[in-house]
Every structure is written in C-alpha cells, then in structure tokens.
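Engineer: the following comprises the amino acid sequence and a computationally predicted model.
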Amino acid sequence: MSDILFSLHSWPQAILHIDGDAFFTSCEEAIHPELRGKPIIAGGERGIVACASYAAKAMGVKRGVPLHEARKKCPDLIILPSDYETYSLFSRRMFNVMRRFTPQVEEYSIDEAFADITGMRRALRASYETIALNMKAEIVKELGITVSVGLSLTKVLAKVASKHQKPDGFTPIPGRMIAKYLEHLPVEKIWGIGHATTNYLNKMGVRTALEFARLPEDTIKKRFTKPGMEIWRELRGEAVYPVNQEEKSTYASISKTKTFSPPSNDADYLFAHLMRNLESACLKARGYHLAAKRIVAFLKRSDFSYIGREIKLNRPSVYPMELSPELRHIFVDIYRSQDLYRATGIVLMELTKDANIQYTLFEDALKAERVHDIYRVMDEVSEKYGKHSLHLGASHLIEVFGRGKRGEPTAREKTRFPGETKRRHLSIPILHVKV
Amino acid sequence: MKQKRSIQTVQKSVASFFSDHRRMPSYAEMINLFGVKSKSVVHFWINKLIQKGIIEKDQKGHLAFTKNAFGIPMVGSIQAGFPSPEEEALRDVISMDEYLVTKPDSSFLLKVTGDSMIGEGIREGDLVIVEKGREPKNGDIVIAEVDGEWTMKYFIRKGKTIVLEAANPKYLPIKPRSELRLGGVVTAVIRKYHQ
C-alpha cells in the first residue's frame, strides 16, 4: 500500500519544520552544563511539569502532571522554575539562524518554526536535505540545544516529518515517499485534527493518515468542512498553507490563566486572581486594538476538573472596569466554598477591532468615554512602570499576598549586573559555570 | 561671553546630560544646557538633531537617541598641521554592542568566579563574552570542561596534544585525560567600575 504516489516530483516545494527537543529544559542544560543528561523539569513555579528533559521522560515523568507525582516517579528530579526570559532569547536565536538560509520563516511558537526553502538550492548551492541539515547543525553548534527537523512538501507533512524521529532527528519526506510515512500514522497525530474529527474519522473506518489521504475528493467535499479539506490536500503534498513570515498581528481569542500552589478556597483571593486574568487579557487585547464580544471565565479545581461560564456582551469591550460586575456574577455562580481551586482563567472571544464601537441605546455614553480615557492613561502608566502598576481594587489582594507563590526565582532573576534593573536586563543569555 | 552653538555642541551637551542622568533632559533643562533663552530655540535645535538622525521621537513624543547616536564616532588619526574638515575624518559608526558582541546569535555572558586568568588581566567578577561554536586558535582563551570540571584557560596546541594553561602560576597546565568539551571561545572582557 505504501507505493501509492501522491506526487511524481520529489520536491515541487520544500517546507521545513524545526521543533526544539524538550525546549525549556534543553535551554537550561545549555546554560547550566552541569545539568546535562540529568532528569530535570521546568515549571516549578506552576506546580506542574511544563517541560521534562529526555532523562526525566525516560523515568516516566510526563508533561502536565503535578510535581508531587513527578517526584514519586523520579526522586532525583531537579525542579527548575521556568525562565521565560532565557527561553525567548534562545528562541529568537533559533529563528535568526533559520533566517540566514531563507527570509521566509514563520515563528510558529516559542520552540517551533516553519521555513520555506523552495528555490533556494541554487542560491545556497546545496540540496534541500543539505540545507536542512546545515540549518540544524548551526543551531546545535551555536545554541547548544538539539532540534528535530522535518522536510517535506507542505506544512502538515513537514510537521509529520519532524515528529517522526525525535530527539535530534532529521526526516525528509520527498513527494514519492509520502505514503510510506502516512501508512502507520494514526489520524489523531496529524496537525489540525482534533478529538471530534478523530472520532468522526474512526466511525468512517479511517484510522491512519494514509487512509484519510486516500479518501476520494467527493467524500471529502461532502463530509468535511473547509479545514478538513485543506488538511487532506496538504497530506497529499499540495501546499495550501503558506509559510507566513509576518508577525502575528491579530488574534482569534486571547486567554490568560494563573495556576497557584497550594490550591485555595479563599473567595477573595480567587476572585482577585480571576480579576487579574481579566486585566492581563484586556491589556493584551488593547495592545492589538481588539475588543471582546464574549468572555469565558473558569476555575480549575484541585482535581483538575473545570467549571466555567460564558458571558455575551451587548457590545464589545476591553475594559475590566466595565466588565467587573459581570465577572462577579459568574464567580458567585460557579464558586463553591467546599472546593479547593488551583487555577483561574479568562478567555476573550469574538475579538473585533476596537475602532468605532457602537454604544447601546440606553447606555451612558459619557461614562463609557470616561472609562476609555482612564484606560488610555493606565496603559501609559503600565508602559512606563510595569504591567498592572495601576489595577482595580478587586485584584489588589494579589499584590498584598505577593503575586502567587512563585517559588524559587530563576537563575537569571538572581543575577544582576551593574546597571541592570529588575525590569531591564542585558539581552544575552548567561552561562552559569564557575571558572 | 557669547558662544557659537553648533549641532555638535548641542548634541554633546544632550549626550553628557544623558550619561549623567540616564534620561533625556526636558525642554526647560535644555534652556540651561544649551545656554539659550527660550524653549522655542530649544525646539529649533531639537528639530535639527532629529533631522540629522541623532535623536528621534517615539510614538508618544518622547525624545530618545537613535541607535547610531550611541556608536562612538571613530575619528581618523589626528593630524598635525591643517585641520581636516570633521566630516571627512569621520568613519561609519558601530555601537558598543556591535563592537563587543560580533556574533550576537552565538554569544553568551559569563561572570568570572576564579583567578586562573589573572595574568591576562581577567579578574573575579569580570564579565566575559563567550562565543559558542567558534573553532579555537592556538593561544585563545577558552571555556572548557575537563574531566567534569569547568575552567577558563589558554588553549595551547602542542603538536597533536592540547594543553590548557592558566595565566596564574598557582595552577598547573591541564592535559585533558579523557575528553575535552569546549564551551566556547572568550571574545571580550568587560569590567565596569561604576553603575
């Protein structure tokens, strides 16, 4: 079955996907060489495993489990607080190395990127495989972290390829080989295929990516929506998704959550966190000139179950001051004093441009304008003195208790060079070696 | 005495204010700084500096030096005899950042904790810039892991063997027994005497 041909050409296009291997912990190993090869995890400040090194994974430590469970699996586990400052410096460097080979690089997330190297063979005097390997070698050499590289015809296939061999892998999937790699791949492993689609496909008797890719076009058209159709075409080697080099300038939704340990059932404290989530989400939304029409607020219980409610606003808003009464209603509705909660969260949805928002008929427009002005000033203040320098009374409790128990400060936070302040650091990662 | 103001003297006075106070002066402060009588004259000079690309206004109208302004101008060798026009002697500028960190994507900072390179003038507490992935040349200072210990030493190649030598008679040269792992090559040393 694997000799089915989706593409007669090996490389009608060449798309690369680079994925950092256990990125957070790899960065930690690069700046703390003494930790190399040891079982370490990042995420100590959240009380869960945000990223486990390969040594920790070998001991059975998985991403997302609580720390006490991880410690049970591996008593020697080294737990580090996440140092996002350093990780984003490494991330930026990884993207910069990729841009030496092609300007068309899409920063997909902190540890993943796509690059379109179609047509670069002549300019770089190398085959697509060699270009990919050179890119990988430079990242390893200059950053001291390993990455897994997938090379194929489309973004979806490149992602299949980079996952195929991990860590430190390189997998090229030329057009003629597509079927071979899809043959044993379960459909749920395909980028963009979620729970619902997987169940639906399984009911149709489709279990592997190859079976999905071989469905006739009529069936796809009849039974699937546009995204399904696009993934189907991508799997067959037809590039639908472009490698987008523009920075993200808009969002479909914005979410902010906060996990704290130990869990709490203190209503004021929980509401303060929820309020701060709302303030953070709104701050980010205002930065992109967006306003939300729908808002979801949720609490996560200590048994990891969720409870939440949604509010639909009668006009878009991004001002916590306007939204706080609604948030209070939701909170009162979902909070139970007998339960312990470990996280709060807010999702802003149906984001629209915040220009020309029409006030509703019975609303005090003057008051709304005043709120708008207040937030313009508040944003200027936070630009100058740090986020949330000015905040609503309801979230002030966080400042009183400290911003949640953050645990140990990171190695970067503990280092301050002459002239650096808490908010301004040199933009070069620090090697923590005693010499 | 009446001074003649030029764009250079104005720039110099703003720059020295900035290095003393770590902020830009206000228009009111610039009246004294430039030795002028009114803010409108200040405004005139600020516009000149903006036109020259020495300072810029951000979105909120705050003044800031442009990136170029911090490059320290390298004036060609000083000649005796006829002074050459300044413009001819000026080269293109690089910032201190670019000067110190030539490979920004593979450089790391390291704070020195020991005294093994004291003879080279590298003291405890100094910052060194370490370039990862650079091939060390004979005599380069390297960061290396030898038999489980990290050190900063001269990289000396004697025929086929590699010896790591300290710039301090207290420490004996090291011949890596099992393996030598290079952390990088030291490309610069920084020491600040004041905040």
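Structural biologist: Looks like it came in fine.

Engineer: next SSE after the strand or helix carrying residue A:162?
Structural biologist: Element membership for residue A:162 (DSSP states H and E) is helix A:155-164. The C-terminal neighbour of helix A:155-164 among helices and strands, as given by DSSP H and E, is strand A:170-172.

Engineer: now do that next one: which elements does it pack against?
Structural biologist: Applying 3 or more CB pairs under 8 Å, 6 or more residues apart in numbering or on different chains; DSSP states H and E, we find strand A:170-172 packed against helix A:128-143, strand A:147-152, helix A:155-164. For the C-beta atoms, the positions are set from N, CA and C on the backbone; glycine is no exception.

Engineer: would you convert these into TSV that also reports distance to residue A:101 and mean neighbour count?
Structural biologist: Output for the helices and strands packed on strand A:170-172, formatted as TSV (distance: least, CB to CB, whole Å; neighbours: other CB atoms under 10 Å in any protein chain shown):
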stretch	distance to residue A:101	mean neighbour count
helix A:128-143	5	19
strand A:147-152	12	26
helix A:155-164	15	24
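
Engineer: and the ones you listed as CSV, adding mean pLDDT?
Structural biologist: As requested, the helices and strands packed on strand A:170-172 are exported to CSV (pLDDT from 0 to 100):
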stretch, mean pLDDT
helix A:128-143, 95
strand A:147-152, 97
helix A:155-164, 95
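
Engineer: turn those into a markdown table, including distance to chain B.
Structural biologist: Converted to a markdown table, the helices and strands packed on strand A:170-172 look like this (distance: least, CB to the nearest CB, whole Å):
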| stretch | distance to chain B |
| --- | --- |
| helix A:128-143 | 3 |
| strand A:147-152 | 14 |
| helix A:155-164 | 21 |
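
Engineer: re earlier: mind saving the C-alpha coords of the helix holding residue A:162 as CSV?
Structural biologist: Extracted C-alpha coordinates of helix A:155-164, given in CSV (Å, rounded to 0.1, in the frame of the first residue of the first chain):
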residue,chain,number,x,y,z
LYS,A,155,3.5,22.4,6.4
VAL,A,156,1.3,19.5,7.6
LEU,A,157,3.7,16.9,6.1
ALA,A,158,6.8,18.8,7.5
LYS,A,159,5.2,18.5,10.9
VAL,A,160,4.6,14.8,10.4
ALA,A,161,8.3,14.6,9.4
SER,A,162,9.7,16.5,12.4
LYS,A,163,7.8,14.3,14.8
HIS,A,164,8.9,11.1,13.1
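
Engineer: that one versus helix A:128-143: what angle between them?
Structural biologist: Angle, helix A:155-164 to helix A:128-143, by axes from the mean of the first three to the mean of the last three CA atoms, to 10 degrees: 60 degrees.

Engineer: quick one: contacts of helix A:155-164?
Structural biologist: Applying CB atoms under 8 Å, 6 or more residues apart in numbering or on different chains, the contact partners of helix A:155-164 are A:15-19, A:114, A:148-152, A:169, A:171-173, A:178, A:181-182, A:185, A:189-192, A:209, A:231, A:234-235, A:237, A:239, A:241, A:243.

Engineer: please, a ChimeraX command that selects the buried ones among these?
Structural biologist: Provided next is the ChimeraX selection string for whichever of the contacts of helix A:155-164 are buried by 16 or more other CB atoms under 10 Å in any protein chain shown:
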select /A:15,16,17,18,19,114,148,149,150,151,152,169,171,172,173,178,181,182,185,190,191,209,231,234,235,237,239,241,243
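
Engineer: near chain B, which residues of chain A? Just list them.
Structural biologist: A:31, A:33-34, A:93, A:96-97, A:138, A:141-144, A:380, A:415, A:417-419, A:426, A:428-431, A:433-435 (CB under 8 Å from any CB of the partner chain).

Engineer: sketch out the low-pLDDT regions of the chain for me.
Structural biologist: All of this refers to chain A. Filtered on pLDDT under 70, chain A yields the residue ranges A:1-3, A:247-249, A:402-407.

Engineer: meant chain B, my bad for not saying
Structural biologist: B:1-3, B:67-91.

Engineer: the longest helix in it is where?
Structural biologist: If you go by DSSP state H, chain B has its longest helix at helix B:7-21.

Engineer: mind giving me the packing neighbours of that one?
Structural biologist: Counting contacts by 3+ CB pairs under 8 Å, 6+ apart, helix B:7-21 is packed against helix B:27-34, helix B:39-51.

Engineer: so what's residue A:146 up against?
Structural biologist: Residue A:146 sits next to A:21, A:26, A:140, A:167-168 when contact means CB under 8 Å, 6+ apart.

Engineer: give me that answer again for 10 Å
Structural biologist: Counting by CB atoms under 10 Å, 6 or more residues apart in numbering or on different chains, residue A:146 touches A:20-23, A:26, A:29-30, A:54, A:136, A:139-140, A:166-169.

Engineer: quick one, phi/psi of the residue nearest the centre of chain B?
Structural biologist: Centroid check for chain B by CA atoms, centre = their mean gives residue B:96 as the closest residue, at 3.4 Å. The phi/psi pair for residue B:96 (degrees, to the nearest 10) reads phi -60, psi -40.

Engineer: so how far is residue B:188 from it?
Structural biologist: 11 Å (CB to CB, to the nearest Å).

Engineer: list the contacts for the residue nearest in space to the middle of chain A?
Structural biologist: Geometric centre of chain A, nearest residue: residue A:109, 5.7 Å, by CA atoms, centre = their mean. Residue A:109 makes contact with A:19-20, A:23, A:91, according to CB under 10 Å, 6+ apart.

Engineer: hey, what's it bridged with?
Structural biologist: Note on residue A:109: beta-bridge partners residue A:112, judged by DSSP bridges.

Engineer: how about the nearest residue to residue A:74 once chain neighbours are set aside, phi and psi?
Structural biologist: The shortest distance from residue A:74 to any non-neighbouring residue, by CB to CB, 6 or more residues apart in numbering or on different chains, is to residue A:59 (4.0 Å). Dihedral pair for residue A:59: phi -90, psi 0, per degrees, to the nearest 10.

Engineer: do the same with residue A:90
Structural biologist: The phi/psi pair for residue A:90 (degrees, to the nearest 10) is phi -60, psi -40.

Engineer: find the closest residue to chain B in the stretch 201-350 of chain A.
Structural biologist: residue A:287 (12.6 Å; CB to the nearest CB).

Engineer: neighbours around residue A:421, how many?
Structural biologist: Using other CB atoms under 10 Å in any protein chain shown, residue A:421 has 7 neighbouring residues.

Engineer: what secondary structure does it sit in?
Structural biologist: Following DSSP: H, G, I helix; E, B strand; the rest coil, we place residue A:421 in the coil state.

Engineer: next step: the contacts of residue A:109 restricted to strands.
Structural biologist: A:19-20 (DSSP state E).

Engineer: between the contacts of residue A:109, which is nearest residue A:348?
Structural biologist: residue A:91 (24.8 Å; CB to CB).

Engineer: residues touching the closest one, list them.
Structural biologist: Neighbours of residue A:91 in contact, by CB under 10 Å, 6+ apart: A:20, A:23, A:27, A:84, A:107, A:109-113, A:143.

Engineer: one more time with 7 Å, if that's ok
Structural biologist: Neighbour list for residue A:91: A:110-111 [criterion: CB atoms under 7 Å, 6 or more residues apart in numbering or on different chains].

Engineer: and the spatially closest residue to residue A:315 that is not a sequence neighbour, how far from residue A:314?
Structural biologist: Closest residue to residue A:315 apart from its sequence neighbours, by CB to CB, 6+ apart: residue A:360 at 5.5 Å. Using CB to CB, residue A:360 is found at 5 Å from residue A:314.

Engineer: please apply the same query to residue A:390.
Structural biologist: In terms of CB to CB, residue A:390 sits 27 Å off from residue A:314.

Engineer: who has more neighbours out of those two?
Structural biologist: residue A:390 (15 against 11).

Engineer: so which helix or strand takes in that one?
Structural biologist: With DSSP H and E as the test, residue A:390 turns up in no helix or strand.
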